[in-house]
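**Student:** below are the sequence and a predicted model; questions follow.
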Amino acid sequence: MTTAAPSVHPRELSDAPDWWRQAVVYQVYPRSFADSNGDGLGDIPGITSRVPYLAQLGVDAIWLSPFYPSALADGGYDVADYRDVDPRLGSLADMDELIAELHAHGIRVVVDIVPNHTSNDHAWFQEALAAGRGSAARDRYIFREGTGPDGSEPPTDWQSVFGGSAWERVADGQWYFHNFDVSQPDLNWANPEVRADFVKTLRFWSDRGVDGFRIDVAHMLTKDLTEPLPSAAELAALPQDGNHPLLDRDDVHEVYAEWRAVFNSYDPPRTAVAEAWVHPSRVPLYASIDSLGQAFNFDLLEADFDARQFRRIVTDNLALAARSGSSTTWVLSNHDVVRHATRYGLPDAERGADGRPTLKHGNRWLLSGGTEPALDAERGQRRARAAALFVLGLPGSAYLYQGEELGLHEVADIPDSARQDPTFFRSPGVDQGRDGCRVPLPWTAEGPAFGFGDAAAHLPQPDWFAAYAVDRQDGDPASTLSMYRRALDLRHELQTAEQLEWLDLGREDAVGFARPDGWIVVTNFGTEPIALPAGEVLLSSVPVEAGTLPGEASVWLRA
Ligand code: BGC
């Protein structure tokens, strides 16, 4: 394990147009990062106050989840105004300051764009409600007449992603379509005004200095809702081959081609990364340089801590990236899934015939509040550290989720009365929702809200957060925070061409690879120690002695 003190940046902001290809991007969930004004909700000035922390961590960019005006019915993914800041989180001037401060520390800024749906508080939706059926205002959304003798039944039996009907009736009897919560009406992407408005939004933030965009559910925007509409069963049976009525349609790339022209009109070109839950063979369409330019790869996030799965995923995704001309992305956690330290401390996922976990979001094990089956917290953390060094050694860009650098676990036992996520409310008793990974960060072991802010945090923080606090880990060379800092620092020094060569370690449950110029990464997924290839130990997830890597651990070597 390293004992070297982390070097403190700022780095210079790289002006290389391809800065994103191997960047480490740190996801900030603004409501839960740092609260500057003591209202229990994280805010933009709070993030600005922590820029030195981000710089010391050594990230190349941050991705900000939505901070726009919002009723927070879906954690901000219900946007009421795309070109403003939620007054509870700050102002446009605060955003300008944050962007300037990040840039001064060599950190780029990616913001979340939510184009599939607005909030029902958005001026357009309010206008649509007032304007009535057949109006131009309703055409910006997806309104239909109901079925049944008096139209009181929804147009179809489709279910929303969060549970319950995907249609909601308005006062005059029409129904509108919402893929997600009732408060998130889907936009009509066949409407030119909708298209023009998002171009305006992309320019608005690009002009303010934002470097890139994360595109929410990028595979859902365009739809073919020609009547008669299929039933839910018919819909589910249709192939997702580019012509599905609702998902991953080929024509969505017409939208992104237009956006690409906008991105490329800036210097350096603005970047984008697609959140697209599509068949792997179709990911390169989104990652193509004519489209969004990069796409999330969620395979590791769905995998067990398993050598075969990890190796196959890396091989497949490097090949997919080569097909698109993009770089690949690695994600272990985000604001939608159970934190990986916790996933790795629970039994392996149950999988369907397609090899994917059988329950969405990996929330399967939280149905019991995380106590049955019991969480092996220490093992989960040990594996999480090993997985982090594996991922940070790979070619491509790595997306980190706030708190993973602290080894933070999921908060599995939030009382129902404190829950906020619509997935919990729309599927009572089935899905515990995603609040457990969104609990505000512990900055200090003592003091109000563990240093998050002066008031109680908007989601309750458990007592055990003290042990994970930044100030407990700062300066402790054995801490997870120190390991991440050292890894990001070394990664800058060692980073090289986007290639790797697999090493034969003679063991099925261990994976090793060499990057050009002598950087070697070995991960032992099994429990038996393994002999290491020759080389100087640069960093390891557990103490390493005498050329042997213990079980469930990773090491970086210089050959
Ligand atoms: C975001 C979620 C959000 C959904 C609807 C996503 O995939 O990551 O947090 O609930 O889109 O906007």
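**Tutor:** Perfect, I can see it now.

**Student:** shaky segments in the chain?
**Tutor:** 1-10, 357-373, 428-430 (pLDDT under 70).

**Student:** now do the buried residues in the host helix or strand of residue 233.
**Tutor:** Using DSSP states H and E, residue 233 sits in helix 232-237. Neighbour counts over helix 232-237 (16 or more other Cβ atoms under 10 Å) mark residue 235 as buried. All C-beta atoms are positioned from the backbone trio N, CA, C, and that covers glycine.

**Student:** which is the next helix or strand following that helix?
**Tutor:** Assigned by DSSP H and E, the successor of helix 232-237 is helix 252-264.

**Student:** buried residues in that next one?
**Tutor:** Applying 16+ other Cβ under 10 Å to helix 252-264 flags 252, 253, 255, 256, 259, 260, 262, 263 as buried.

**Student:** how close does residue 405 get to residue 199?
**Tutor:** 36 Å (Cβ to Cβ, to the nearest Å).

**Student:** phi, psi for residue 351 please.
**Tutor:** When read as degrees, to the nearest 10, the backbone of residue 351 gives phi -120, psi 150.

**Student:** burial count for it?
**Tutor:** 12 (other Cβ atoms under 10 Å).

**Student:** quick check, central residue of this structure?
**Tutor:** The centre of the chain sits closest to residue 334, judged by Cα atoms, centre = their mean, with a distance of 4.0 Å.

**Student:** how about the nearest residue to that one, chain neighbours excluded?
**Tutor:** Closest residue to residue 334 in three dimensions, ignoring its sequence neighbours and counting by Cβ to Cβ, 6 or more residues apart in numbering: residue 401, at 5.0 Å.

**Student:** same check on residue 137?
**Tutor:** Closest to residue 137 by Cβ to Cβ, 6+ apart is residue 131, at 3.9 Å.

**Student:** quick one: the helices in the stretch 1-150 of the chain?
**Tutor:** In the stretch 1-150 of the chain, the segments counted as helices under DSSP state H, counting those that start in this stretch are 44-49, 51-57, 92-104, 123-131.

**Student:** follow-up on the earlier one: the residue nearest to residue 137 contacts residue 139, correct?
**Tutor:** No - Residue 131 sits out of contact with residue 139 when judged by Cβ atoms under 8 Å, with a separation of 9.6 Å.

**Student:** on that earlier part again, just the helices of the stretch 1-150 of the chain: most buried one?
**Tutor:** A comparison of the helices of the stretch 1-150 of the chain by mean neighbour count, using mean count of other Cβ atoms under 10 Å, puts helix 44-49 on top with a mean of 22.

**Student:** which elements pack onto that helix?
**Tutor:** Contacts defined by 3 or more Cβ pairs under 8 Å, 6 or more residues apart in numbering; DSSP states H and E place helix 44-49 against helix 92-104.

**Student:** name the residues that touch the helix it packs on?
**Tutor:** 10, 13, 43-45, 47-48, 51, 54, 62, 67, 84-85, 108-109, 208-210 (Cβ atoms under 8 Å, 6 or more residues apart in numbering).

**Student:** now swap in stretch 484-496 and tell me
**Tutor:** By Cβ under 8 Å, 6+ apart, stretch 484-496 touches 2, 4, 6-7, 11, 22, 24, 56-59, 388-389, 392-393, 400, 404-405, 515-517, 519, 538-539, 556, 558.

**Student:** my read is that residue 80 contacts residue 124, right?
**Tutor:** No - at 9.8 Å, residue 80 does not count as touching residue 124 under the criterion of Cβ under 8 Å.

**Student:** one step back: for residue 329, see how far away the residue nearest to residue 334 is.
**Tutor:** Look at residue 401 and residue 329: by Cβ to Cβ, they are 13 Å apart.

**Student:** again with residue 173
**Tutor:** For residue 173 relative to residue 329 (Cβ to Cβ), the value is 45 Å.

**Student:** looking at the two now, which is surrounded by more residues?
**Tutor:** The residue with more neighbours, out of residue 173 and residue 329, is residue 329; 25 against 12, by other Cβ under 10 Å.

**Student:** and the next helix or strand past the longest helix seen in the chain?
**Tutor:** If you go by DSSP state H, the chain has its longest helix at helix 307-324. The C-terminal neighbour of helix 307-324 among helices and strands, as given by DSSP H and E, is strand 329-331.
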